[in-house]
Structure formats: C-alpha cells, structure tokens
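>>> structural data only, the sequence is not supplied:
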C-alpha cells in the first residue's frame, strides 16, 4: 500500500499468514478483528500478508476507519498456482519450509487457542531451520 513492491520470496524460511480479502466481503470483514489480534500477537515473529485487488484508496480509507495496523498489499501479479483462489476470504498458514499447513476459505476465528498452538509449533520448528 505504501508503493513498495514486496516479493513473496522475502518470507523464505519464515512462518507466513496470507489472507486474500476485500472491503466489500462480509465474511472477510467478520474475521478481520481476529486477524488484527493475531497480528498484534505475532507480527514481530512471522510475516503477514493481507492481499486485496481493490483500489488502494478504498482500502486505505477502510483500514484507517477501522484502525487496523496489519500490512495490506495490492496484488500486482498472479500468485503461484498453489495460492490462486476464486473465493474470498481465503487464508493460508504456511510453515518456514513453504508447506501450506492450513488453507481455509470463509471466515474463521484466527486468534483462537487452536490456531495459536499451531503457530507456536510452527515458530518453534522454524527456529531449527
């Protein structure tokens, strides 16, 4: 959103949460508070990508109004085949070796104890890589 291009390869050997969303999507909006909580907890320890194909002005206005602080990116090229979807929201939790651990379509409670346990395990494993 700040005009800096980021390659996904920047997150090699890191735990990553990738969320594909839009401001007009009710299930996307329903899960964003739990995503913000997850980012607040793990933002320094793993990489987060909140990706939208919407107009940057629309997204900026929405993010500012809601007070979200997670990083939002604009899709500028098609993602790898493994990450191409036709339904949003879709979220991927990817381990440090690049394996998709969770692929979830539809809203979820991302700051649940179950998800945090999985993330803690992935972060511990990533320290061994």
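Ah, there it is. Just so we're clear, the structure is a prediction, and the values are computed from it rather than from any experiment.
>>> output the below-cut-off pLDDT ranges for the chain.
Applying pLDDT under 70 to the chain flags the ranges 1-4, 77, 79-81, 129.
>>> repeat the analysis, applying 80 as the threshold.
1-8, 76-86, 128-129 (pLDDT under 80).
>>> what about the strands in it?
Ranges of strands in the chain, per DSSP state E, are 16-20, 47-52, 72-74, 90-94, 100-105.
>>> got those strands as TSV, with distance to residue 35 columns?
For glycine as for every other residue, the C-beta is placed from the backbone atoms N, C-alpha and C. Below are the strands of the chain laid out as TSV (distance: least, CB to CB, whole Å):
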stretch	distance to residue 35
strand 16-20	6
strand 47-52	7
strand 72-74	11
strand 90-94	8
strand 100-105	12
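>>> and of those strands, who's closest to residue 39?
The closest of the strands of the chain to residue 39 is strand 47-52. By CB to CB, the value is 5.4 Å.
>>> now for the closest one, which elements pack on it?
Strand 47-52 sits against strand 16-20, helix 26-42, strand 72-74, with contacts defined as 3 or more CB pairs under 8 Å, 6 or more residues apart in numbering; DSSP states H and E.
>>> ok, and which of those has the densest surroundings?
Between the helices and strands packed on strand 47-52, strand 16-20 has the highest mean count of neighbours, a mean of 23, where neighbours are mean count of other CB atoms under 10 Å.
>>> could you measure from residue 116 over to residue 98?
Counting by CB to CB, to the nearest Å, the separation of residue 116 from residue 98 is 22 Å.
>>> same question for residue 36.
For residue 36, the distance to residue 98 - CB to CB - is 26 Å.
>>> same question, residue 49
Residue 49 is 14 Å from residue 98, where distance means CB to CB.
>>> so between these two, which is more surrounded?
Set residue 49 next to residue 98 and count neighbours by other CB atoms under 10 Å: residue 49 wins out with 22 against 14.
>>> run through the bridge partners of that one.
With DSSP bridges applied, residue 49 shows beta-bridge pairing to residue 18.
>>> please tell me I have it right and it contacts residue 74.
No: with contact defined as CB atoms under 8 Å, residue 49 does not count as touching residue 74 (11.0 Å).
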